[in-house]
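1. please find the sequence and the predicted model below.
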Amino acid sequence: MLPLHTSMRGLRCFCVAAECLSFKETAQKLYLTPSAVSHQIKQLEETLNQTLFIRQTRAIALTEVGARFYQAIEPVMQQLVHTVSEFNQSDRMLEVSISMPEFFASELFMPKLIGWSSKYPNINLKLETIKSRSDVIKHTDVSIMLSGKQQASDDVYDLFPITYIPACNPKLHSELSSQGFKALTTVPLILHKARPYAWHQWAENIGYDQFKPKQIIQLDSMFSVARAAEQGLGVALIPLPISQAWFDNNTLISLFPHPLYSHDRYYLVRHTNEQHRPEVQLLIEWILKSFHDQSH
């Protein structure tokens, strides 16, 4: 049995050091000095009568005993943190910050927030919206981003892919629907400026070789693109499934059934790796459950 006088701080120092393999980095994460970390772990080794780390000139490594001890004690420490946090939550409000594109926030995130608020009434959310790609992004615990490049990291979670569909408002649809592809030469075509060749890619994908647009208008946010189409400015490439509500309430109507498939996907990114903040993990799990495979 582990002696009752074993230091909890020593166990905490050991777990963090076992993960980052650096007393200096452990000290930074726990707001201690490197010598204090070294002292805590030395005391733990003396209590166990075991050597847990191999100390090298510029690095440390776990001994075989140290690795086995970490595998055994880390789940216990996690459970302890969770239990203490669980009993402490009734006395304090927690806060998690998240950033995301403005369009994602208005179309998907905000409508689902009532589910979060009812399930976690003691966790405040601080939401930062990104109106365009040129916005300065503030540091947040997690963020939702749209990217055409595959994101590979333990801290990145794939949410769902985006396709684009040509759409306009009902009035313009009634004027253009009988004209076929020729309709695209009579009105402005609208798209996001981050994808300036999207209309040409759409035409190429469907085999429309005579594509000669009258005018192309580039806007700096998806909300502006959708609003321009709603106002009758022209035909826009609208992202799905994120804009589904605009079609459900008949604000926008698909002009052609042919979508533009893209590499664009929404990803959830974790920026905070502090293990003593279970509220961040709760938000991640809620988002994954709420939005994963939104296209299905």
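-> On my side now, so go ahead.
2. please count neighbours and contacts with C-alpha atoms only from this point.
-> Noted.
3. the strand ranked longest in the chain pairs with which strands, and in what direction?
-> In the chain, taking DSSP state E as the definition, the longest strand is strand 156-168. Under the criterion DSSP bridges, strand 156-168 sits next to strand 235-240 (antiparallel), strand 253-254 (antiparallel), strand 260-270 (antiparallel) in its sheet.
4. which parts of that strand are buried?
-> Along strand 156-168, these residues count as buried under the neighbour rule (16 or more other Cα atoms under 10 Å): 156-168.
5. tell me the SS of Phe181?
-> helix (DSSP: H, G, I helix; E, B strand; the rest coil).
6. that one: how many residues sit nearby?
-> 16 (other Cα atoms under 10 Å).
7. okay, now His82: neighbour count?
-> If we define neighbours as other Cα under 10 Å, then His82 has 16 of them.
8. excluding sequence neighbours, find me the nearest residue to it.
-> Counting by Cα to Cα, 6 or more residues apart in numbering, His82 lies nearest to Pro278, which is 7.1 Å off, once chain neighbours are set aside.
9. how about the helices in the protein?
-> Using DSSP state H, the helices of the chain run over 8-20, 23-30, 34-48, 64-88, 102-104, 110-119, 170-176, 198-206, 222-230, 244-248, 278-291.
10. what does the longest strand of the chain contact?
-> Around strand 156-168, the neighbours that count as contacts under Cα atoms under 8 Å, 6 or more residues apart in numbering are 151, 229-230, 232, 234-242, 252-270, 288, 291-295.
11. Ser177 touches Ser254, doesn't it?
-> No - counting by Cα atoms under 8 Å, Ser177 sits too far from Ser254 to count as a contact (9.5 Å).
12. about what we covered before: out of the strands paired with strand 156-168, which one sits most buried?
-> Greatest average neighbour count among the strands paired with strand 156-168 goes to strand 235-240 (a mean of 26), per mean count of other Cα atoms under 10 Å.
13. quick one: it to helix 222-230, angle?
-> Counting by axes from the mean of the first three to the mean of the last three Cα atoms, to 10 degrees, strand 235-240 lies at 130 degrees to helix 222-230.
14. what residue ranges in this protein are flagged as low confidence?
-> Along the chain, segments meeting pLDDT under 70 span 1-6, 88-92, 132-138, 274-276, 292-296.
15. if we use 50, what do you get?
-> Residues of the chain that meet the criterion pLDDT under 50 lie in 1, 295-296.
16. ends of stretch 108-128, what's the gap?
-> Distance across stretch 108-128, first residue to last, is 15 Å (Cα to Cα, to the nearest Å).
17. try stretch 225-243
-> In terms of Cα to Cα, the two terminal residues of stretch 225-243 are separated by 11 Å.
18. run through who's touching that stretch.
-> For stretch 225-243, contacts defined as Cα under 8 Å, 6+ apart pick out 104, 107-108, 162-169, 171-172, 184, 187-192, 198-199, 219, 222, 251-252, 294-295.
19. buried only: go through the residues you listed for me.
-> In the contacts of stretch 225-243, burial by neighbour count holds for 104, 107-108, 162-169, 172, 184, 187-192, 198-199, 219, 222, 251-252, 294, counting by 16+ other Cα under 10 Å.
20. what is the nearest of the buried residues of strand 156-168 to Leu52?
-> Of all the buried residues of strand 156-168, Leu52 sits closest to Val156, with 31.9 Å by Cα to Cα.
21. from Phe53, how far off is the closest one?
-> 31 Å.
22. for Ser224, same thing?
-> Relative to Phe53, Ser224 is positioned 57 Å away (criterion: Cα to Cα).
23. and these two? Which one has more around it.
-> Using other Cα under 10 Å as the criterion, Ser224 and Phe53 rank with Phe53 on top: 21 against 17.
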